[in-house]
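Q: curious how this folds, go ahead:
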Amino acid sequence: LGLPSTWQPFEFYRLLNCHLTRGVIEKRGGYDTLQTGGAMTGGGAGNSLYCTAGTTNKVVMAAVNTRLFSIPKAGGGATERAAGLPAGVRWDMCEFVEAGTTLWIGANGSGVPHKWNTTAASTTAMVGQTIDAGVNCNVVMANNGRLWMGKGRTVYVTNLRKSDTYSGSTLLIDSDGRQGDLTKLVPLERAQSLWFCERETYLMLGTDPGDQSGMPNIRILDLFEVGAPSNRAVVKVGPEVFFFGVENGRYGFFKTDGSEVQCISDNLQDDIDTVNTAVLETAVAVQVGKNVVFGLALGAATEVSQLFVYHRTLPGRPWTTWIFAANPRCFARDPATGTVFWGNQATANVQRYLPTTYNDLAAAIDMDVITGPWSTGVDLVE
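A: Residues are numbered from 1 along each chain as shown. As a prediction, the model looks like this:
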C-alpha cells in the first residue's frame, strides 16, 4: 500500500480499528477491565473519570451515578469516597496544591463541589464553594496557584494557594448570554487560559484578581466564535488544545494554540453532520499516544457511537475510525504513563486501553482496510 505518510485523500475509503504510522498500518489496541463489581456493582454508567498525577496515592477517580470512587491505576477494588450525590451528572475535575498537599477537586454543577487529599477515608464537601445563594460551580481549573470555578457565565477565584477562601473578585463574561454558558476552563502557558462556552471561546490573561497587589491584572478577551458544547471533548496536547466544537451552527473538530483556531475535520463532515444535536454534551476526547481520539453520538444514538482518530504527526488525510463493542461515556489519561482509561456507558465498569493487546475483553478486534480505485490501476487524475 505504500507509506501512509504519502497517501492522498482519495487513496483509501475506510480504515477501521487501525492506526497509522509513517511506515505501516497497525491494528488498534484492545482493552480490558480495570475495575468491575465490588463496591461499584449496580452503580450505573461511569459518568466521569480523572487520573491523579501529583498525589502520593495515585488513583483513577470515578464518578458513577450517585457516588465517587477511587481505583488504583494498576487495578484492584474500588473504594467509595462519597455517596448521595446528584444522579447521573457529569463532573469536571482537576488537582490543586494547598499548603504543600495536592488535592483532587471535583465539581458537577448540580451539587456542592468536593475535594480529597488522597489519604482521608472520604471526600470533603466544599461548602465554601457556594459563593452566591444556590450557585454550585460546574467547571473548575487550577492555574497560577488559584482555583477558578465557574457557573453560567461567572467565574469565582480563590485566594493564592487556597481552595475555599475567595479573593472577593467575581469575573463576568459579557452577560448577554447569547453564546451560551461556560463548559470548560483550560490553563495555558504564560499566565493564560482558555474559557470555553457553548458557542464562543475567550482568552484570559493575568494572575491577580486584586487580592495581592490591590490592582487586578486580569483581562478577558473574545477569542473566536467557536464553542465547545461538551467539557469532556476538550483535550490539551503540548501547546495545542483539541476540541469538538460548533461554529455558526456547523459542527466539527478543531484545534487552537490560544490565538487562532482551525477546523481539522473537513474530510469527516458527512459523518459529523449526522451528530445527534440533542446530546452534544456526550462528546468525548482523549490523547492516545501521539494521536487524539474523539467520540460522538451519531444518528439516533444518545451516547457515543463512533470514535474518530486524528493522527497529529502525519501529513495528508490524518483520520481513521474505531468502534468499541461498548463505547466510552468518558475518558481519562494518566499524565505519567500515558495509559488511557474510560467509563463504560452501559455499566459501572472502568476499562483500560492496552496498545499492544489486540482484543477487546478477550474478543478479537476486527480490522478493516478498504483502499480506493487507485490500487486497481484506475487513474483518478483529471
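Q: what pLDDT does Glu260 get?
A: Glu260 is assigned a predicted lDDT (pLDDT) of 92.
Q: cool, and Trp7?
A: 56.
Q: again, but for Gly43
A: The per-residue confidence score, pLDDT, reads 63 for Gly43.
Q: check contacts around Ala53.
A: Taking CB atoms under 8 Å, 6 or more residues apart in numbering as the definition of contact, the neighbours of Ala53 are Glu95, Asp334, Pro335, Ala336. Every C-beta, even on glycine, is put in place using the N, C-alpha and C of the backbone.
Q: could you rerun that using 6 Å?
A: The neighbours of Ala53, taking CB atoms under 6 Å, 6 or more residues apart in numbering as the test, are Pro335.
Q: need the three-state assignment for it.
A: Under the three-state scheme (DSSP: H, G, I helix; E, B strand; the rest coil), the conformation of Ala53 reads as coil.
Q: tell me how far it lies from Pro335.
A: Distance check for Ala53 against Pro335: by CB to CB, to the nearest Å, it reads 5 Å.
Q: what's the answer for Leu205, then?
A: Looking at Leu205 against Pro335, where the rule is CB to CB, the gap reads 25 Å.
Q: what sits closest to Phe331 if chain neighbours are left out?
A: On the basis of CB to CB, 6 or more residues apart in numbering, the spatially nearest residue to Phe331 that is not a chain neighbour turns out to be Val286, at 3.5 Å.
Q: from what I can see Trp148 touches Val139, true?
A: No - with contact taken as CB atoms under 6 Å, Trp148 and Val139 are classed as non-touching, separated by 8.3 Å.
Q: shared neighbours of those two, anything?
A: Shared contacts of Trp148 and Val139, defined by CB under 6 Å, 6+ apart, comprise Leu185.
Q: before we move on, the earlier item: averaged pLDDT, the helix or strand harbouring the residue nearest to Phe331. What do you get?
A: Taking DSSP states H and E as the definition, one finds Val286 inside strand 284-288. The average pLDDT within strand 284-288 is 98.
Q: in its sheet, what does that strand sit against?
A: Partner strands for strand 284-288, per DSSP bridges, with pairing direction: strand 291-296 (antiparallel).
Q: where's the residue nearest the centre of the chain relative to Pro86, distance?
A: Closest residue to the average C-alpha location of the chain: Arg232 at 3.3 Å, with CA atoms, centre = their mean. According to CB to CB, Arg232 and Pro86 sit 17 Å apart.
Q: same question for Val155.
A: In terms of CB to CB, Val155 sits 22 Å off from Pro86.
Q: what about the two, which has more around it?
A: Taking neighbours as other CB atoms under 10 Å, Val155 and Pro86 compare with Val155 leading, 26 against 15.
Q: near the closest residue to that one other than its chain neighbours, how many other residues are there?
A: When the adjacent residues along the chain are set aside, Val155 lies closest to Leu171, with 4.3 Å between them (CB to CB, 6+ apart). Using other CB under 10 Å, the number of residues around Leu171 comes to 18.
Q: surely Leu171 touches Tyr156?
A: No - in this structure, Leu171 sits apart from Tyr156 without contact. The criterion is CB under 6 Å, and the distance is 7.8 Å.
Q: related to what we said a few turns ago, doesn't the residue nearest to the centre of the chain fall inside a helix?
A: Yes - assessed by three-state DSSP, Arg232 belongs to a helix.
Q: which residues in the protein form helices?
A: Using DSSP state H, the helices of the chain run over 269-272.
Q: in it, what spans have low per-residue confidence?
A: Low-confidence regions of the chain, defined by pLDDT under 70, span residues 1-13, 23, 42-43, 54-56, 128-134, 169, 175-177, 317, 372-382.
Q: any idea how far the residue nearest to Phe331 lies from Met149?
A: Noted for Val286: a distance of 23 Å to Met149, by CB to CB.
Q: any idea how far Asn108 is from the nearest residue to Asn65 once chain neighbours are set aside?
A: By the measure of CB to CB, 6+ apart, the closest residue to Asn65 outside its immediate chain neighbours is Gly44, 3.3 Å from it. Summarising the geometry, the distance separating Gly44 from Asn108, computed by CB to CB, is 14 Å.
Q: between these two, who's got more neighbours?
A: For Gly44 versus Asn108, neighbours defined as other CB under 10 Å are more numerous around Asn108 (24 against 15).
Q: show me the contacts for that one.
A: Val89, Trp91.
Q: switch the cut-off to 7 Å
A: Under the criterion of CB atoms under 7 Å, 6 or more residues apart in numbering, the contact list for Asn108 reads Pro86, Val89, Arg90, Trp91, Asn138.
Q: now Gln351
A: Tyr31, Asp32, Thr33, Leu34, Phe341, Trp342, Asn344.
Q: can we see that at 8 Å?
A: Tyr31, Asp32, Thr33, Leu34, Ala326, Pro328, Phe341, Trp342, Gly343, Asn344.
Q: the fifth one reaches Trp342, doesn't it?
A: When you say that, I think you mean Ala326. No - taking contact to mean CB atoms under 8 Å, the distance of 9.5 Å between Ala326 and Trp342 leaves them out of contact.
Q: neighbour count: these two, which is higher?
A: The residue with more neighbours, out of Ala326 and Trp342 and counting by other CB under 10 Å, is Trp342; that gives 28 against 16.
Q: which non-adjacent residue is nearest the more buried one?
A: Excluding the flanking residues, the one nearest Trp342 by CB to CB, 6+ apart is Pro328, at 3.7 Å.
Q: gap between that neighbour and Asp334?
A: Taking CB to CB as the measure, Pro328 and Asp334 are separated by 16 Å.
Q: neighbour count winner among the two?
A: Pro328 (27 against 16).
Q: which residues sit in contact with the more buried one?
A: Contacts of Pro328 were listed using CB under 8 Å, 6+ apart, and they are Val284, Gly295, Val304, Leu307, Trp342, Gly343, Asn344, Gln345, Gln351.
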